[in-house]
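> How does the following fold in three dimensions:
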Amino acid sequence: MDCHCKDHLPGEWHSHDDCDCSQHEFPAYTFVITKVMEEDPGVATVYISKSFMETLQVEDGDPVQLIGPTECVVQAKGHPNPWIDTRMVSVDKQTMEKTGVSLFSQVKIRKTLCGELESITLEIPPEANITRLGLRVMLEQAYGAVISGRDHLTLKDKRGRQIKFRIVEVQPEKMSAISRRTQVRLVNSNGDEYITKNDTTFKDVGGLEEAVRKVREVVQLPLRHPEIFYRLGMDPPRGVLLHGPSGTGKTLIARAVAGETGCYFKAISGTEIMDKYYGESEAKLRAAFEDAYQNAPAIIFIDEIDALAPRRDTAEGDVEKRVTAQLLALMDGMEDRGNVIILAATNLPNVLDNALRRPGRFDREILIGVPDRSGRRGILEIHTRDMPTKDIDLDELAEKTHGFVGADIKALCQEAGFKALRRILPGLEQTEEKLSEDFLEAIAVEKEDFEEALSEMRPSAGRSFEVDLRGCGWDRVAGYTEELEFLKEMILWPLRNVSALSDLGVSHPEGLLITGPSGVGKTLLARSLAKESGFNVIEIRGPELLSKYMGESERNIREVFRQARQMAPTVLILDGIDSIAVSGWSDSKVIDRIVNQLVMEMNTITSDKPILVVGVAARSEALPPALRATGRFGYELRLKPPDASDRAALFGMFLNKDKVRFHGDFNAATDISESLTGGDIEEVCRRVILQAAHCALDSHSAPLCEVEITENDVLKMLDRWKLSAS
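So this is what the prediction gives:
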């Protein structure tokens, strides 16, 4: 009986009994091996003429069964020689050894079907340095490769170099092929998780533990375990909006998610999408989404989304409206939910179109705020872990870097490194000689380098609200023992234990009013409280909030409180707040609007992290009653002029310095200065030191090393002060 598979070479006849086509879904065809490919394709491959691949009903990358002395499943690819005979094929060396065939021998090939490989564990060679995202690009070469009985996988990097990976484990172990949905795990030679310095992971994100936890929950969990959401009968989040000040780490978190999951990462910049030709912007956006669907699981990251999708009711151009509508349609039309997540970042969330900020599109909005003291210390640890340091106290640095975001701290560490190089070897950039290993080992960044770099740095988050806290702290406040105890017990302790108090249903203090005559140290006490709290600090003087234009004063107040919420935990100091009520305007309605705006902002402080508003005024009676109500400035600290013991402590603090030596006691000075405030005493001491330095410089030609002051000098200056005051 004749065989109907039409598989015969010229001059050859075989019967149906000799053919096994009836036992298989696809027929087999006979070929002759005419060449062995020298270059290792990485996976078992047979090269067939492109014309005969249509007869086999296969395409590039499809699996086929190669039948020789032994059988195996290999990957079919088109032959590089377009003029090759349709019955001539080429194979690689490893396939020849595995099947036992030789050159010019006959083999049979038939199409076959195999499942997808769920997961594969690869061992990275010690000399390789590959990121997870780089491996994702390399694996595109192996899509369709059958991993059955293979001990290694060879891939090409972006430079064309072949890297051989040892296959440690595959799931399932039966015959299966690599697909876009195959999860790839990388290990080193010791079997530990492989991570390179070029990989961005959550270990590189410091000071944002709460934000990282939320991102992992809504982004990483659906990508790794979408079956959990299907079991609960709920849809995974479709989009996540990261918002916060510039430089806080929004883009870094997005790349860390891609690095941790190893999934496809498609970055889109809002300005790159815009095109001057009609319809091109929408086409670019559709192409980006289509690319992510084809490489799922994937993350689409849209940076500066406010430039891509502004509010349509205020957008001036027609292009912005069309692109916003296209983005809305693409997010509504997403079918592969859970395998494609959209991350977006902006520092202007209120500029976005309202239709984007609803469930089903951007389901979650996560604030990436300014780090507090512990967060700044964590960021400093990350950026100094590979830096040779000497005598550096990270806690002290974290305390001095109020308002610094992650980008600022990174720039600070880099600048400190440059300071160390200039100190060790000036003119290093002009040196052509190769530096020795001993010299490199001796390089270290010291405390002075960081202090010098810190003096030149300005925080980006609070640059418009810059506060110098170097001369503040409890040690800079003389006297006021009871007042300091009040601040520590009633203000600082609740702020440092917000989570414990919230469990008990007790709120933390939100407003503190410090009042007293001029010169008693109200501003110093407010700044010292802010410094000891370790929170970020915003200081605004009352007249800065006022404007002659309609509505501008209220807008200034809203902007200050918006910044405070972004930088939370924050201490907001409103110095001279009584000037709002005594502005000199004849229209009382203006004052009412400003006060109402301030009251409303204080009533709506609902941040997870505490915000303390500290008002500084001469008299509490000058403030409107609405501000002095409970829940706003509910705590008031009245400062009185210093008594005798406080004045003695003030003289001792201002006259006991490193290069100032005082002879005598302060008893007489304390009695004479009965009506003086702390500011007056500080000015008297400054003039005494200035006069002593003037006399010392006039009498000695040598550099001034130390200044000596007697009790008589202080008494004389007090007499002059009283004479000028009267």
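> just the strands in the stretch 201-350 of the chain please.
Using DSSP state E, counting those that start in this stretch, the strands of the stretch 201-350 of the chain run over 239-243, 264-269, 298-303, 340-346.
> And the stretch 501-650 of the chain, by the same measure?
Counting by DSSP E, counting those that start in this stretch, the stretch 501-650 of the chain has these strands, from start to end: 511-515, 536-541, 570-575, 611-617, 635-638.
> and of those, who's closest to Ile491?
The closest of the strands of the stretch 501-650 of the chain to Ile491 is strand 511-515. By C-beta to C-beta, the value is 6.0 Å. Quick note: C-beta positions are derived from backbone N, CA and C, even for glycine.
> related to what we said a few turns ago, minimum distance to Arg385: which of the strands of the stretch 501-650 of the chain has it?
Of all those, strand 536-541 comes closest under C-beta to C-beta, at 24.4 Å.
> Relative to the closest one, what are the paired strands and their orientations?
According to DSSP bridges, strand 536-541 has the following sheet partners: strand 570-575 (parallel).
> and the angle from the partner strand to strand 511-515?
Inter-element angle recorded for strand 570-575 and strand 511-515: 30 degrees (by axes from the mean of the first three to the mean of the last three C-alpha atoms, to 10 degrees).
> For the strands of the stretch 501-650 of the chain, could you give me TSV that also reports mean neighbour count, mean pLDDT and distance to Thr34?
As requested, the strands of the stretch 501-650 of the chain are arranged in TSV below (neighbours: other C-beta atoms under 10 Å; pLDDT from 0 to 100; distance: least, C-beta to C-beta, whole Å):
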stretch	mean neighbour count	mean pLDDT	distance to Thr34
strand 511-515	24	86	88
strand 536-541	24	82	74
strand 570-575	27	84	76
strand 611-617	26	86	78
strand 635-638	16	84	92
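> In JSON lines: those strands, plus distance to Asp363.
Output for these, formatted as JSON lines (distance: least, C-beta to C-beta, whole Å):
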{"stretch": "strand 511-515", "distance to Asp363": "34"}
{"stretch": "strand 536-541", "distance to Asp363": "29"}
{"stretch": "strand 570-575", "distance to Asp363": "28"}
{"stretch": "strand 611-617", "distance to Asp363": "26"}
{"stretch": "strand 635-638", "distance to Asp363": "39"}
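> which one of those lies closest to Ser460?
Closest of the strands of the stretch 501-650 of the chain to Ser460 is strand 536-541, at 12.3 Å (criterion: C-beta to C-beta).
> what does that closest one contact?
Strand 536-541 is touched from outside by 370, 372, 402-403, 461-462, 465, 467, 469, 527, 530-531, 560, 563-564, 567-576, 579, with contacts defined as C-beta atoms under 8 Å, 6 or more residues apart in numbering.
> Could you pull up the mean pLDDT of the longest helix belonging to the chain?
Scanning the chain for the longest helix, with DSSP state H as the assignment, gives helix 678-699. Regarding helix 678-699, the rounded mean pLDDT is 78.
> for stretch 353-372, same thing?
82.
> what about that stretch, start to end distance?
Stretch 353-372 has an end-to-end distance of 31 Å (C-alpha to C-alpha, to the nearest Å).
> Around Ser455, count how many other residues there are.
Counted by other C-beta atoms under 10 Å, the residues lying close to Ser455 total 8.
> what's the next secondary structure element after the helix or strand harbouring it?
Assigned by DSSP states H and E, Ser455 belongs to helix 447-456. Using DSSP H and E, the helix or strand that follows helix 447-456 in sequence is helix 481-486.
> gap between that following helix and the chain center?
39 Å (C-alpha atoms, centre = their mean, to the nearest Å).
> got the contact list for that helix?
With contacts defined as C-beta under 8 Å, 6+ apart, helix 481-486 is touched by Trp474, Val477, Leu525, Leu637, Leu639.
> Neighbour-wise, give me the winner out of those.
Among the contacts of helix 481-486, the one with the most neighbours (other C-beta under 10 Å) is Leu525, at 26 neighbours.
> Can you name the residues that contact that one?
Val477, Tyr480, Glu483, Leu487, Ile514, Leu637, Leu639.
> Tell me which of the strands of the stretch 501-650 of the chain lies nearest to Ile382.
Per C-beta to C-beta, nearest to Ile382 of the strands of the stretch 501-650 of the chain: strand 536-541, 19.3 Å.
> got the angle for the closest one vs strand 611-617?
30 degrees.
> coming back round to it: what is the longest helix of the chain packed up against?
Helix 678-699 makes packing contacts with helix 644-655, strand 707-710, helix 711-725 when contacts are defined by 3 or more C-beta pairs under 8 Å, 6 or more residues apart in numbering; DSSP states H and E.
> possible to save these as CSV with mean pLDDT and mean neighbour count?
Below are these laid out as CSV (pLDDT from 0 to 100; neighbours: other C-beta atoms under 10 Å):
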stretch, mean pLDDT, mean neighbour count
helix 644-655, 78, 20
strand 707-710, 74, 16
helix 711-725, 71, 15
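> of the ones you listed, which approaches Arg376 most closely?
Nearest of the helices and strands packed on helix 678-699 (C-beta to C-beta): helix 644-655, 28.9 Å.
> Name the residues that touch that closest one?
Residues contacting helix 644-655 (C-beta under 8 Å, 6+ apart): 476, 478-480, 642, 662, 666-667, 669-671, 673-674, 676, 678, 681-682, 685-686, 688-689, 709, 714.
> Need phi/psi at the residue nearest to Leu639 when sequence neighbours are not counted.
Excluding the flanking residues, the one nearest Leu639 by C-beta to C-beta, 6 or more residues apart in numbering is Gly516, at 3.3 Å. The phi/psi pair for Gly516 (degrees, to the nearest 10) reads phi 150, psi 170.
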